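**Student:** Sequence and predicted structure are below.
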Amino acid sequence: MRLYQGMGPNSYRVRIFLKEKAIEVPMVEIDFMKGEHKAPEFLTLNSLGQIPVLELDDGTIITESVAICRYFEEIHPEPPLFGSDAVSCARVEMWNRRVEFELFGTVGNVALHSDALFKDRLVQFPAFAETERQAVPRKWAWLDRELADGRPFLAGENFSVADISGAVCGWLAEVFGMEIPAELERVQRWHERVRSRPSWSA
Ligand SMILES: N[C@@H](CCC(=O)N[C@@H](CS)C(=O)NCC(=O)O)C(=O)O
């Protein structure tokens, strides 16, 4: 088994997940800045030219960071990071999707539509990047209001993959100058709680 990964929030999401589970997986470093994820041999692993990619011993390829995490959840259920009963599983799914669609998507659009790294991947609309950048503080404020019930983690009392998704999105937001506004104390505290876990160093 090996995990092809490199710089970027989706690889980090899987690496943090593995660290939380104390699973060791051989890693292949893909140099994102050199465009190794778009090399012909890498495209045979993932036709979208994206990292991360998990290759199993029998040659099975799994792409999509959340799908890779789910695979590891199945073969290593403890500690549960996708929930442990009908309600908690649904809430983790709900929050992971909310983070993906509301935050990650918006922050990602700023990166995709403004950074030269992505100029060959899509037609960039800098004005759209700017609109999305302006929306990000509103998204963090929404999350802050959501956390007003005092729960420590996005899906409830327990740390989950949704928190990992949210925190790596926070990392990407910082890289592109969209830090969580200082006055949003609940999101700040949640972010700090997640980033102070040993797995963040992964
Ligand atoms: N939905 C995919 C997204 C993967 C993705 O976009 N990875 C980025 C790095 S974090 C990438 O390889 N981008 C290059 C590209 O999209 O061309 C996942 O969750 O794994």
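**Tutor:** Received the coordinates, thanks. Numbers count the residues shown, from 1 in each chain.
**Student:** what does this structure put close to the ligand?
**Tutor:** 8-11, 37, 49-52, 64-66, 121 (C-beta under 6 Å from any ligand atom). (C-beta placed from N, C-alpha, C; glycine too.)
**Student:** what's the farthest-apart pair in those?
**Tutor:** By the measure C-beta to C-beta, Val66 and Arg121 form the most distant pair in the residues of the chain next to the ligand, at 20.8 Å.
**Student:** ok, those two, which is more surrounded?
**Tutor:** A side-by-side neighbour count of Val66 and Arg121, using other C-beta atoms under 10 Å, places Val66 first with 19 against 12.
**Student:** Surely that one touches Asn96?
**Tutor:** Yes. The criterion here is C-beta atoms under 8 Å, and Val66 meets it with Asn96 at 6.7 Å.
**Student:** Now the residue most central in space within the chain. Nearest residue, chain neighbours left out?
**Tutor:** Nearest to the geometric centre of the chain sits Ser165, at 3.8 Å (C-alpha atoms, centre = their mean). Spatially, and ignoring its direct neighbours in sequence, Ser165 is nearest to Val99 (4.6 Å; C-beta to C-beta, 6 or more residues apart in numbering).
**Student:** Could you check how far the one you found is from the ligand?
**Tutor:** Note on Val99: its distance to the ligand, by C-beta to the nearest ligand atom, to the nearest Å, is 12 Å.
**Student:** Go through the chain and flag its longest helix.
**Tutor:** Across the chain, the longest stretch assigned as helix under DSSP state H is helix 126-146.
**Student:** Show me what the helix or strand containing Tyr12 is in contact with.
**Tutor:** Tyr12 belongs to helix 9-21 when assigned by DSSP states H and E. Applying C-beta atoms under 8 Å, 6 or more residues apart in numbering, the contact partners of helix 9-21 are 3, 5, 24-25, 50-52, 54, 65-66, 68-69, 72, 76, 78-79, 81, 104, 159, 161, 164-165, 167-169, 171-172, 197-202.
**Student:** Next, count neighbours for the residue nearest to Ser165.
**Tutor:** Neighbours of Val99 under the rule other C-beta under 10 Å: 25.
**Student:** same deal with Leu81?
**Tutor:** If you count neighbours by other C-beta under 10 Å, Leu81 ends up with 24.
**Student:** which residues touch it?
**Tutor:** Taking C-beta under 8 Å, 6+ apart, one finds Phe17, Glu20, Lys21, Cys69, Glu73, Val92, Phe159, Ser160, Val161, Ile164 in contact with Leu81.
**Student:** Lovely, talk soon.
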